[in-house]
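Chemist: can't give you the sequence, but here's the structure:
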């Protein structure tokens, strides 16, 4: 007669356990009992491993879990890929399962346009289903690639922070999980992910970073580069978030309404280090006018404080900035410049 030990379940694969643990923590921290969450499911290994883990963990926390599949229509057979992903989601027990076909424009390039369309679909799905959160399958490797791309563009600490684990209703539970582990988790659970041909297309900068740049860095500098980049992003995010809170409080003290916009005390800007002065200028532009200033535009505005020679207004995208006595006055422009 077989002993009790003969009926023991095989040990849980480490990769499956790691993905489930990451999802469990995210749900426990950010989703309440009885709420609904959605998984953004492309059918690829990252999102499929995330979907499987969410289906497993959500019920244990009395959370309803569904999926949203976005068909960008950019490849032949994309509708079939979306239908297969939906079938996999239902097989995992996810409900509701929403498929949305989007029209991708060309503003900002193909990657940016696809992202804009995708997030518009996410917002609609959240609204239609009443879900409180949407889970995205970005991994530690995606975070490392994002940091490298930001570094290459020279776009400052904001881009080096990478992606946030929590951004409003968007959760990224897998930012501490390697891409190899999502692949291994799918294999261990008998899931067959879809391989996106765009992920091998060298015309995309992210693909070149993934297949060319990171492997060279690993080979030349030793293993652990991706982990180090992800840690850098996390540390920068902590510092920046704390810094931003301090600046928000400071801005309230040194700003006042102006006839056509907002005015900032020149003496207060001059009395502070360049890093703080430049951040205040950028935050005013973004919060009051919805404009993200480049480094050159920020420095040109700062020169009205530090290198004042009676020069006229500085025109930057969407904003005109002029020095008027002891104030730096920001006002909206009717048109933009590059």
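Modeler: Happy to help now that I have it. Every value quoted in this text rests on a predicted model; they were computed, and no experiment measured them.

Chemist: got the residue ranges for the strands in the chain?
Modeler: In the chain, the strands defined using DSSP state E lie at 36-40, 64-71, 97-101, 133-135, 166-167, 170-171, 255-258, 261-265, 314-316, 319-324, 327-332.

Chemist: and those strands, which one's lowest on average pLDDT?
Modeler: When those are compared by mean pLDDT, strand 255-258 comes last with a mean of 88.

Chemist: In TSV: the strands of the chain, plus mean neighbour count and distance to residue 77.
Modeler: From N, CA and C alone the C-beta is placed, and that goes for glycine too. Output for these, formatted as TSV (neighbours: other C-beta atoms under 10 Å; distance: least, C-beta to C-beta, whole Å):
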stretch	mean neighbour count	distance to residue 77
strand 36-40	25	20
strand 64-71	24	10
strand 97-101	18	13
strand 133-135	24	25
strand 166-167	12	32
strand 170-171	20	28
strand 255-258	14	54
strand 261-265	19	51
strand 314-316	19	45
strand 319-324	19	46
strand 327-332	20	47
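
Chemist: Show me the domain layout of this structure.
Modeler: Taking automatic domain parsing as the domain assignment, the ranges for the chain are 9-228, 259-332.

Chemist: burial of residue 112, as a residue count?
Modeler: When neighbours are counted by other C-beta atoms under 10 Å, residue 112 registers 13.

Chemist: per-residue pLDDT, it?
Modeler: 79.

Chemist: Then residue 9?
Modeler: At residue 9, the pLDDT value in this model is 69.

Chemist: Please tell me how far the residue lying closest to residue 170 once chain neighbours are set aside sits from residue 123.
Modeler: Sequence neighbours aside, residue 134 is the residue nearest to residue 170 in space, at 5.5 Å (criterion: C-beta to C-beta, 6 or more residues apart in numbering). Distance, residue 134 to residue 123, by C-beta to C-beta, to the nearest Å: 9 Å.

Chemist: Let's have the strands of the chain in JSON lines, adding distance to residue 191.
Modeler: Formatted as JSON lines, the strands of the chain follow (distance: least, C-beta to C-beta, whole Å):
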{"stretch": "strand 36-40", "distance to residue 191": "13"}
{"stretch": "strand 64-71", "distance to residue 191": "14"}
{"stretch": "strand 97-101", "distance to residue 191": "16"}
{"stretch": "strand 133-135", "distance to residue 191": "16"}
{"stretch": "strand 166-167", "distance to residue 191": "26"}
{"stretch": "strand 170-171", "distance to residue 191": "21"}
{"stretch": "strand 255-258", "distance to residue 191": "53"}
{"stretch": "strand 261-265", "distance to residue 191": "53"}
{"stretch": "strand 314-316", "distance to residue 191": "49"}
{"stretch": "strand 319-324", "distance to residue 191": "50"}
{"stretch": "strand 327-332", "distance to residue 191": "51"}
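
Chemist: wait, which of those is closest to residue 18?
Modeler: Smallest distance to residue 18 across the strands of the chain (C-beta to C-beta): 15.6 Å, for strand 133-135.

Chemist: Which strands or helices does the closest one pack on?
Modeler: Here strand 133-135 touches helix 14-30, strand 36-40, helix 110-129, strand 170-171, going by 3 or more C-beta pairs under 8 Å, 6 or more residues apart in numbering; DSSP states H and E.

Chemist: and the longest one, what does it pack onto?
Modeler: In this case it means helix 110-129. Counting contacts by 3+ C-beta pairs under 8 Å, 6+ apart, helix 110-129 is packed against strand 36-40, strand 64-71, strand 97-101, strand 133-135.

Chemist: I would like the residues contacting the last one, please.
Modeler: Around strand 133-135, the neighbours that count as contacts under C-beta atoms under 8 Å, 6 or more residues apart in numbering are 23, 26, 30-31, 35, 37-40, 50, 54, 68, 122, 125-126, 169-173.

Chemist: Could I get the full set of helices for the protein?
Modeler: For the chain, applying DSSP state H gives helices covering 14-30, 45-60, 78-91, 110-129, 140-153, 157-160, 179-188, 205-208, 214-221, 225-254, 266-270, 274-289, 295-306.

Chemist: if you compare those, which one is most tucked away?
Modeler: Compared across these, helix 45-60 shows the largest average neighbour count, a mean of 25 (mean count of other C-beta atoms under 10 Å).

Chemist: by contact count, what packs against that one?
Modeler: Under the contact criterion of 3+ C-beta pairs under 8 Å, 6+ apart, helix 45-60 touches helix 14-30, strand 36-40, strand 64-71, helix 78-91, helix 179-188.
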